[in-house]
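Undergrad: Take a look and give me a structure for this.
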Amino acid sequence: MKLVVLFSFLVLFLFVVGCGEDVSAPHASESLESAVLDSDVKTFNVRAFRFGYDPAEIRVKKGDRVRIVIDNSDTLHGIRFPELGVSDMDVIEFTANEVGTFNWRCNNYCGEDHMKMGGLLIVE
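TA: You can find the predicted model right below:
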């Protein structure tokens, strides 16, 4: 009899634990919302190396949400847009609010030709 009670308790315990909500996993609606938000972002992968960028020119439209993912291939470089007031060493996100051509520079000293490193963001 004790074995039946113990077994029943164990089954009940496993059922209750198994039916609990996993708060660490995103809900379907949250995942869908994130996917929609990410699809609105124009993502560019830029390889930074001594002493340049590939690609060294990015074109977007005014109002675009922009994400630049920086691949620092040989040392820590990064990108800074002095006119836009944004910079980072890994990922930069911003909204292209102004039409124009904006220069970017390496934001970490990386050697003798560091000052020659740069690229262009063209907002149409």
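Undergrad: switch to C-alpha atoms for all contacts and neighbour counts from now on
TA: Fine.
Undergrad: what's the pLDDT at the residue nearest to Y53 when sequence neighbours are not counted?
TA: Nearest residue to Y53 in three dimensions, chain neighbours excluded: R47, at 5.5 Å (C-alpha to C-alpha, 6 or more residues apart in numbering). Looking at R47, its pLDDT reads 96.
Undergrad: Double-check that R47 belongs to a helix.
TA: No - according to DSSP: H, G, I helix; E, B strand; the rest coil, R47 belongs to no helix; its state is strand.
Undergrad: can you pull up the bridge partners for it?
TA: On the basis of DSSP bridges, R47 is bridged to D54, D71.
Undergrad: what's the burial count for it?
TA: By other C-alpha atoms under 10 Å, the residues close to R47 number 18.
Undergrad: shouldn't it be in contact with D74?
TA: No - R47 lies out of contact with D74 (C-alpha atoms under 8 Å); the separation is 9.7 Å.
Undergrad: Any stretches of the chain with poor pLDDT?
TA: By pLDDT under 70, the low-scoring segments of the chain are 1-38.
Undergrad: 50 instead, please
TA: 6, 14, 16-17, 19-36 (pLDDT under 50).
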